[in-house]
Structures are given as structure tokens and as C-alpha cells.
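A.B. asks: need a structure here:
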Amino acid sequence: MKIGKVPDTIITCRNFIEAVEKELYGFNWVCPNNGDDCNYMHRLPQGYVLVRDRKVKMPGDEDSDEEMTLEEKIEKERQELPSEGLIPVTLETFMKWKADRAERKQKEAEERMQQEMLKAATKGGNKNFGGGVMSGKALFTFDPSLF
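C.D. replies: A predicted model of the protein is given here:
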């Protein structure tokens, strides 16, 4: 197996780049500039973007995503949000939302508990308790004053 010499330069071979761009580079590709004895590197520089992979900028497309800063993108997306029918956030509206949310969560927890009790009652078990037995944790969660 023949191993080529390492070039002394950091310059990438022009023929290599052309071959990669035209998708000619491969196992059987030989550099036209002295083959394995070429004086230049046969690897792409770090961060190199192939011409075929670059986004072609159309005329009139001045605000492309590549040129916009993060702040500009955020501002553009914020302006595209709907602004009709919204309620401004004040301390009063926030506190009302928070109370409504807590009430809704409490109702959901009670419904879940009722479903668990119904499920426990429909399971087989002690006949004296309606066919099911609640665990200690379920009883404590249901009514802590029992303990």
C-alpha cells in the first residue's frame, strides 16, 4: 500500500476542490497535478462550504435568514403574532388567572380521586366495603381527618 507524502503547505489543491464540487472525487480520483506527489492538501479547509450547498440569494431578498441577527428574528416573529382579542396582563388579570387555574387543578384532582375510588370499589376485594379496599395512602389523600 502506497502512502503519499504530507504536503508542507496549508493551501488546498484547486483540482481537489473542483473535483469535490463536480462530485468527481472518489476512490479512483487522481490529482491532475502530479497525482500523489501534489504539493497541496487534498482535504477541505475547516468551515468550507461547497458552492453547490450555498444558499442562492434571489434579487429582492434583502432580509434573508442568514443575514438577520437573533434579535431581528425574534422581533419579526413577535410582530407576526396575532394582537387582536388579547387581554393585557396586569396584576389583577394575573391574579384572576392564577386563582382560576388553582380552582381548575383542584377540580381535576377531585375528579381523579373519584375515579380512583370508583376503580378501587369495582375491583374484587372485601365485600363489606362495596367490593374494593382503599389503600392507606388513598384514604389519607381522600380525607386526612380520618387519621
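
A.B. asks: on contacts alone, who are the packing partners of the lowest-mean-pLDDT helix or strand in the chain?
C.D. replies: Within the chain, no helix or strand scores below helix 136-142, which has a mean of 79 by mean pLDDT, DSSP states H and E. In terms of contacts (3 or more C-beta pairs under 8 Å, 6 or more residues apart in numbering; DSSP states H and E), helix 136-142 is packed against helix 91-122. For every residue, glycine as well, the C-beta is placed using N, CA and C.

A.B. asks: Only the buried residues of the helix it packs on, if you could.
C.D. replies: Met117, Ala120 (16 or more other C-beta atoms under 10 Å).

A.B. asks: for that helix, packing partners?
C.D. replies: helix 136-142.

A.B. asks: low-confidence ranges in this protein?
C.D. replies: Residue ranges of the chain with pLDDT under 70: 1-7, 55-66, 123-133.

A.B. asks: how does it divide into domains?
C.D. replies: Split into domains by automatic domain parsing, the chain comes to 1-55, 112-147.

A.B. asks: Helices along this protein, start to end?
C.D. replies: 14-21, 70-80, 91-122, 136-142 (DSSP state H).

A.B. asks: which residues touch the shortest one?
C.D. replies: Helix 136-142 is contacted from outside by Met113, Glu116, Met117, Ala120, Met134, Leu146, Phe147, using C-beta atoms under 8 Å, 6 or more residues apart in numbering.

A.B. asks: Give me the nearest residue to Glu116, chain neighbours excluded.
C.D. replies: Ala138 (6.4 Å; C-beta to C-beta, 6 or more residues apart in numbering).

A.B. asks: burial of the one you found, as a residue count?
C.D. replies: Ala138 has 13 neighbours, counted by other C-beta atoms under 10 Å.
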